[in-house]
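J.: pasted the sequence and its predicted model underneath.
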Amino acid sequence: MGLFKKKGLDSETMKNGAKLITLARPQSVISEQFRNIRTNISFMNVDKEIKTIAFTSAMASAGKSTVSANVAITMAQAGKKTILIDADLRRPTLHSTFNVSNVQGLTTLLTNKNVDPESVIMASGVENLDILIAGPIPPNPSELLGSKHMLDLIENVKKEYGMVVIDLAPVLDAAETQQLTSSLDGTILVVRQAHSQKAAVKRAVQMLKLTNSPILGYVMNDVGEDGDGGYGYGYGYGYGYGYGEEDKKGK
C-alpha cells in the first residue's frame, strides 16, 4: 500500500505533448514568467557554474514536462546552446511535444554503447535547442539511469552544450531520480497547486536531500491570482507568481 494517495493521472501531455507557450505566445505573461525562471537560474551561477539541471515533481501530473520544455526554450532563445533530455523513462512526453518518432532515443544510447549520440540527438526546430527523446520504454529504468554510462553521457553533452535540461520522473515514483539528481548541478521541483499533496512534496524534498541533490527551488504551477486555480508559474522558496483566468485564454 502506497504512502500517498495518487490522484488521477493526466494523460494529455503524453498524448499531445507539452504546451510550448514560449513559442506560441512569446509575449504572454506566462512566457515572461518562464523567462524569469531562466533569469533566476542564471543568478545562481555566481558561486558555481550551473550547466546541468533537472525538473522533477513529487508525483505525476504536476506539469514538470511543460515547465522543463518551456524553460529550455527560453534558454535557447537567450542564445545559450541548450539540449533538452527526456529522462522520464516511465511516462515520456518529449517526442509528442516535438512530434517526432520515439523509435530511438536515450534508451538506445544507454543500451547500445556503439551508437553515436549525434545520430540520436535531434534538432528541435528552435534555434540553439536540440532534443534527446526518451526512446522505447525499458523494463529497467532505474538501472539505466543509475548507470555509469548515463553519467558519462551527461559529461559528454556538457562539452557540447551550454545548458543541459533534464526532465526526470517524479521523485516518489522513481528511485532513479534521486540517483541522477545527486550528480547534477541543480534540481527544481514542480508543484501543482490543489493537486500536489503537501506531505508528498515534503517527502520528495527530504528524499532529494538524503542524496545531497542540490535543490535550486520550486516552480508553482496552476496558481490563480486569487488563489483559485488560474494558470501560472512561480519560482523560489519564498515567493510565487499567479495569474487569473484571463491568462488561460488561447493556451
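T.: The structure has been received and is ready for your questions. Numbering: from 1, shown residues only.
J.: so where do the strands sit in this structure?
T.: Here the chain has its strands, by DSSP state E, at 52-57, 82-87, 122-123, 129-132, 163-168, 186-192, 215-221, 233-235.
J.: you'd agree G217 is up against N36?
T.: No: using C-beta atoms under 8 Å, G217 is not in contact with N36, being 11.7 Å away. (C-beta placed from N, C-alpha, C; glycine too.)
J.: surely T56 is in contact with T181?
T.: Yes: using C-beta under 8 Å, T56 is in contact with T181, at 7.0 Å.
J.: what touches both of these two?
T.: Common contacts of T56 and T181 (C-beta atoms under 8 Å, 6 or more residues apart in numbering): 168, 187.
J.: looking at these two, which has the bigger crowd around it?
T.: Comparing T56 with T181 by other C-beta atoms under 10 Å, the one with more neighbours is T56, at 29 against 26.
J.: now do the contacts for the more buried one.
T.: Residues counted as contacts of T56 (C-beta under 8 Å, 6+ apart) are 64, 168-171, 177, 181, 187-190, 204.
J.: make a ChimeraX selection of whichever of those residues turn out to be buried.
T.: The buried residues among the contacts of T56 can be selected in ChimeraX (16 or more other C-beta atoms under 10 Å) with this line:
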select :64,168,169,170,171,177,181,187,188,189,190,204
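J.: which pair in the contacts of T56 spans the largest distance?
T.: Distance extremes for the contacts of T56: the farthest pair is A169 and I188 at 14.4 Å, using C-beta to C-beta.
J.: now D86. Nearest residue, chain neighbours left out?
T.: Among residues not flanking D86 along the chain, L94 sits closest, at 3.6 Å (C-beta to C-beta, 6 or more residues apart in numbering).
J.: hang on, the earlier thing: closest to S31 out of the strands of the chain?
T.: strand 233-235 (10.1 Å).
J.: now the strands of the chain in CSV, please, with extra columns for mean pLDDT and distance to V71.
T.: Shown next, in CSV, are the strands of the chain (pLDDT from 0 to 100; distance: least, C-beta to C-beta, whole Å):
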stretch, mean pLDDT, distance to V71
strand 52-57, 95, 7
strand 82-87, 98, 9
strand 122-123, 97, 19
strand 129-132, 98, 11
strand 163-168, 97, 7
strand 186-192, 90, 8
strand 215-221, 86, 8
strand 233-235, 43, 9
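J.: in JSON lines, list the ones you listed along with distance to I21.
T.: Below are these laid out as JSON lines (distance: least, C-beta to C-beta, whole Å):
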{"stretch": "strand 52-57", "distance to I21": "15"}
{"stretch": "strand 82-87", "distance to I21": "15"}
{"stretch": "strand 122-123", "distance to I21": "21"}
{"stretch": "strand 129-132", "distance to I21": "15"}
{"stretch": "strand 163-168", "distance to I21": "16"}
{"stretch": "strand 186-192", "distance to I21": "15"}
{"stretch": "strand 215-221", "distance to I21": "12"}
{"stretch": "strand 233-235", "distance to I21": "10"}
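J.: can you say which of the ones you listed is nearest to S101?
T.: The nearest among the strands of the chain, by C-beta to C-beta, is strand 122-123 at 10.0 Å.
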